[in-house]
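Chemist: Only the shape, not the letters, is given here:
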């Protein structure tokens, strides 16, 4: 069975998370991804936490279904090789600071002359233009500047984020733009420039929160959505945490009061409607927590399920893969890496009935496909040896 992006060639100049995540998603859908890396170094995530084999779990998680070519783009010969590859590519992805690819002579304007069908995706921290374009920026900066972090942490005693949301969002929106550009090219025959940034992607992601703020003038905090959506987290008597999400339907509130055997709670005029429950959120949580400490988590979750109340255990990572639904969905795949054993990876999050996503190849070793790529371009063994001696590859 064919894949959705079979035959699409992608040159991946990116490193760290945002760009590699975008190209990994394309690779899962069948695109051929050639990751272009600095000779002798490669993607910095390869050696994360001093990984001695340049094959860290962090690198592996973003670089499956790819090939690796080492190439010194600052050398004339390296640039020449890249330009040859670019002439036959469909997509290029980069996440350098704005202006770097243009200074190297491999920016969109330079490449579109020889390949007007090229789709060129640039993912930056703040955007290709503007007062912050030249600043360094990583995930936490995107989360902080966009407002996302302000609804994830207590501003009275702030902490950084526990997950790189902005990096992943930059990758998702980059992939989204590339897919749209590929479809547009089917109609027009022309490629185009695709741009996104950690800042823009994150603001788009929390657009509903921004829209609410602009409409009401009320600045949201980390508890705003808890009140609005009636989301509660509790610790049961055995010390295990679980969550309840009541949302809008009154039947879920009624079911919850029946589970805790406090029918008067449902009749209390302070809690009779959603607005009242929002206003008295802290009081409700205090009352319920006192009840839930009198029994183990599984006991309460069973009762909540019987009353059809949306609830779930708050899983830690050592618990996730023991969950019956996760086991049923079969979310892991093992890839054999010679000399390194089996690498366990999480499958793609989308299922396509006719053109399924697939994890078919393990993450590449640094420069693993350099000779293969150069042979395809017509380079002989002596030429490849000379390029290696010069530090071009």
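Modeler: Good, I have the coordinates. Not measured: the values here are computed from a predicted model.
Chemist: Going along the chain, name the strands of the chain.
Modeler: Secondary structure of the chain (DSSP state E): strands located at 9-12, 32-37, 66-70, 91-94, 119-124, 193-197, 231-235, 241-245, 311-313, 332-337, 341-346.
Chemist: strands paired with the last one, and their directions?
Modeler: To tie it back to what came earlier, the one meant is strand 341-346. Under the criterion DSSP bridges, strand 341-346 sits next to strand 332-337 (antiparallel) in its sheet.
Chemist: same question for the partner strand, mean pLDDT?
Modeler: For strand 332-337, mean pLDDT rounds to 92.
Chemist: cool, and stretch 224-235?
Modeler: For stretch 224-235, mean pLDDT is 97.
Chemist: Identify the residues contacting that stretch?
Modeler: If you take Cβ atoms under 8 Å, 6 or more residues apart in numbering as the criterion, stretch 224-235 is touched by 151, 209, 218, 241-247, 253, 274, 277-278, 281, 284-285, 288-289, 292-293, 300, 314. In this view, the C-beta of every residue, glycine as well, is placed from N, C-alpha and C.
Chemist: And that stretch, end to end?
Modeler: 21 Å (Cα to Cα, to the nearest Å).
Chemist: Pull out the buried residues from it.
Modeler: Within stretch 224-235, the residues that qualify as buried by neighbour count (16 or more other Cβ atoms under 10 Å) are 224, 226, 227, 230, 231, 232, 234.
Chemist: Dump those to JSON lines, plus distance to residue 44.
Modeler: Converted to JSON lines, the buried residues of stretch 224-235 look like this (distance: Cβ to Cβ, whole Å):
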{"residue": "224", "distance to residue 44": "37"}
{"residue": "226", "distance to residue 44": "37"}
{"residue": "227", "distance to residue 44": "41"}
{"residue": "230", "distance to residue 44": "43"}
{"residue": "231", "distance to residue 44": "37"}
{"residue": "232", "distance to residue 44": "41"}
{"residue": "234", "distance to residue 44": "41"}
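Chemist: re earlier: right, and the strands of the chain - which one's nearest residue 22?
Modeler: The closest of the strands of the chain to residue 22 is strand 91-94. By Cβ to Cβ, the value is 5.8 Å.
Chemist: Which elements pack onto the closest one?
Modeler: Contact here means 3 or more Cβ pairs under 8 Å, 6 or more residues apart in numbering; DSSP states H and E; on that basis strand 91-94 packs against strand 9-12, helix 18-28, strand 119-124, helix 165-188.
Chemist: In CSV, list the ones you listed along with mean pLDDT, distance to residue 146 and mean neighbour count.
Modeler: Shown next, in CSV, are the helices and strands packed on strand 91-94 (pLDDT from 0 to 100; distance: least, Cβ to Cβ, whole Å; neighbours: other Cβ atoms under 10 Å):
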stretch, mean pLDDT, distance to residue 146, mean neighbour count
strand 9-12, 98, 25, 24
helix 18-28, 98, 14, 27
strand 119-124, 98, 14, 28
helix 165-188, 98, 7, 20
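Chemist: isn't residue 212 right up against residue 220?
Modeler: Yes - between residue 212 and residue 220 there is a contact under Cβ atoms under 8 Å: 7.0 Å.
Chemist: roughly how far apart are whatever residue is furthest in space from the centre of the chain and residue 105?
Modeler: No residue in the chain sits farther from the centre than residue 264, which is 44.9 Å out by Cα atoms, centre = their mean. Taking Cβ to Cβ, to the nearest Å as the measure, residue 264 falls 75 Å from residue 105.
Chemist: Same check on residue 24?
Modeler: Counting by Cβ to Cβ - residue 24 and residue 105 are separated by 27 Å.
Chemist: worst-scoring helix or strand of this protein, pLDDT-wise?
Modeler: helix 263-267 (a mean of 87; mean pLDDT, DSSP states H and E).
Chemist: so what's the most centrally placed residue in the chain up against?
Modeler: Closest to where the C-alpha atoms of the chain average out (Cα atoms, centre = their mean) is residue 168, at 2.7 Å. By Cβ under 8 Å, 6+ apart, residue 168 lies in contact with 17, 18, 21.
Chemist: for residue 86, same thing?
Modeler: By Cβ under 8 Å, 6+ apart, residue 86 lies in contact with 11, 92, 106, 111, 114, 115, 118.
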